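Chemist: A predicted structure for the sequence below; I have some questions about it.
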Amino acid sequence: MNNIALAQTDRTFDVDAARRQFPILARMVHGKPLAYLDNGASAQRPQCVIDAVDDYERHHHANIHRGVHTLSQEATALYESARDRLVRFIHARSRSEIIFVRGTTEAINLVAQSYARPTLKPGDEVLITHLEHHANIVPWQMVCEQTGAKLIVAPMDACGEVHLDAVVALMNPRTKILACAHVSNALGTVLPVRRLIAAAKARGIITLIDGAQAISHMPVDVQDLGCDFYAFSSHKMYGPTGVGVLYGREQLLDRMPPWQGGGEMILAVTFAKTTYNALPNKFEAGTPNISGAIGLGAAVDFLSGLDLDAAHAHESALLHHATELLTKIPGLRIVGTAPDKASLVSFVVAGVHPHDLGTILDEDGIAVRTGHHCAMPVMDFFKLPATARASFAFYNRFDEIDSLGAGIERARKMFV
């Protein structure tokens with residue numbers, strides 16, 4: 001495990017010690033120190049993750065599960081060790097409940113096609129919320145078209161908050177699935193998922209939680225939450241791209257047919273019949289992203305070595321500082337003001353298109369995301385084409401937020 005030094009006095013987070021673990025944070029952009037404030041899109045990788053991937057590629061690369069030679073055995077052990085670490089990290093009951101996928105998007109599509117499509121009937125309902133990412137909208141639209149089910153959307157209010165009562169009011173005997181974000185990627189809103197899951201469970205409704213924006217910002221215990229499925233991506237939690245996890249209750253996964261066919265997900269194949277493999281292999285057809293899974297395992301080790309309470313407290317302080325600073329800028333409007341938010345601020349500046357703002361900030365070495373954030377219904381709700389979004393990680397500093405404020409002021413004066 002690659003622990004980093006933390007100042008333990010009053011559980012203060014040592015951000016400088018954290019930053020030293022991330023090589024990219026030392027680089028310059030346009031002659032300015034990089035201020036990376038696009039962590040909601042993809043967080044940076046610590047050296048231990050880079051090293052784990054490099055070690056695999058240099059010394060252990062081979063296909064897994066299929067070879068008796070040394071490299072194959074080593075690669076298999078590294079890959080499956082990553083699965084074991086994820087079991088502990090999210091408190092799954094067994095390794096059969098951890099399915100490696102390409103990311104959150106593939107995980108949700110897998111559930112939509114392998115669980116929902118065989119079970120939904122005409123008139124059944126899938127319940128989502130208004131603030132979902134496209135990856136938690138489109139797969140359900142597709143499966144509703146395939147089955148005759150209906151997609152029902154729970155409202156949000158002008159603060160970007162989804163209220164428990166509003167969601168529960170839409171639950172009825174036709175509701176078969178509740179799929180919602182743990183944290184909104186566009187607004188930072190933290191949904192009351194524990195209570196939503198409990199309400200759904202009491203009514204026999206299957207639950208899927210999109211945890212892409214939550215997994216690196218708060219503890220996730222899938223058994224404590226009580227959800228049926230939980231999906232997240234490696235690259236949001238300081239790991240490689242192209243790999244993620246679907247957690248599913250073993251009893252449900254056992255009953256679900258494979259989503260993709262091919263090697264590894266079989267026990268025996270004849271032209272007459274195929275016998276499928278056991279969990280988790282049943283859902284991992286073909287050669288997986290081996291190096292990505294190994295890197296994800298290293299990211300889990302890295303996160304497990306942090307004082308996560310102190311890290312999350314630091315992120316909350318960054319959010320508070322950013323909110324106070326941005327609120328004072330004339331013409332700036334924060335979009336999404338729910339009382340419970342993760343460390344993310346979306347905003348617009350009067351007279352400055354978000355894309356122009358993002359370009360000007362980049363000249364100062366400041367990386368933010370601009371656009372609709374794959375959440376066009378959210379933009380439509382607020383009658384906006386796009387927002388700028390600054391999203392923070394534990395390695396961000398308060399002076400980077402101050403630079404963001406100064407950059408916004410510079411952009412505003414250019415257009416006023």
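Modeler: Perfect, thanks for sending it. Residues are numbered from 1 along each chain as shown.
Chemist: Can you give me the distance of the most centrally placed residue in the chain to Ala77?
Modeler: The centroid of the chain falls nearest to Ala212 when counting by C-alpha atoms, centre = their mean (1.2 Å). Distance from Ala212 to Ala77, counting by C-beta to C-beta, to the nearest Å: 28 Å. (Each C-beta comes from the backbone N, C-alpha and C, glycine too.)
Chemist: Tell me which helix or strand the residue nearest to the centre of the chain sits in.
Modeler: Per DSSP states H and E: Ala212 is located in neither a helix nor a strand.
Chemist: Contact partners for it?
Modeler: Counting by C-beta atoms under 8 Å, 6 or more residues apart in numbering, Ala212 touches 103-104, 133, 135, 181, 185, 231-233, 236.
Chemist: Can you tell me how far it is from Lys328?
Modeler: Ala212 is 31 Å from Lys328, by C-beta to C-beta.
Chemist: same question, Phe22
Modeler: Applying C-beta to C-beta, the value for Phe22 to Lys328 is 30 Å.
Chemist: Also Ile266?
Modeler: For Ile266, the distance to Lys328 - C-beta to C-beta - is 61 Å.
Chemist: Of these two, give the one with the bigger neighbour count.
Modeler: Neighbour count, other C-beta atoms under 10 Å: between Ile266 and Lys328, Ile266 has more, with 16 against 9.
Chemist: if I look at that one, how far off is Ile197?
Modeler: Separation of Ile266 from Ile197 (C-beta to C-beta) stands at 34 Å.
Chemist: what's the answer for Leu131, then?
Modeler: Distance, Leu131 to Ile197, by C-beta to C-beta: 17 Å.
Chemist: who's more crowded, those two?
Modeler: Applying other C-beta under 10 Å to Leu131 and Ile197 shows that Leu131 carries more neighbours, namely 28 against 20.
Chemist: what pLDDT does the residue lying closest to that one once chain neighbours are set aside get?
Modeler: In this structure, Leu131 finds its nearest non-sequential neighbour in Ser184, 4.5 Å apart by C-beta to C-beta, 6 or more residues apart in numbering. Ser184 is assigned a pLDDT of 98 by the prediction.
Chemist: Might you report the residue contacts of Ser184?
Modeler: Ser184 neighbours (C-beta under 8 Å, 6+ apart): 131, 160, 191, 213, 336, 375, 378.
Chemist: Please repeat the previous calculation with a cut-off of 10 Å.
Modeler: By C-beta atoms under 10 Å, 6 or more residues apart in numbering, the residues touching Ser184 are 40, 129-133, 156, 160-162, 190-191, 210, 213, 336, 338, 341-342, 344, 346, 373, 375, 378.
Chemist: how many other residues sit next to Val352?
Modeler: For Val352, the count of nearby residues is 21 (other C-beta under 10 Å).
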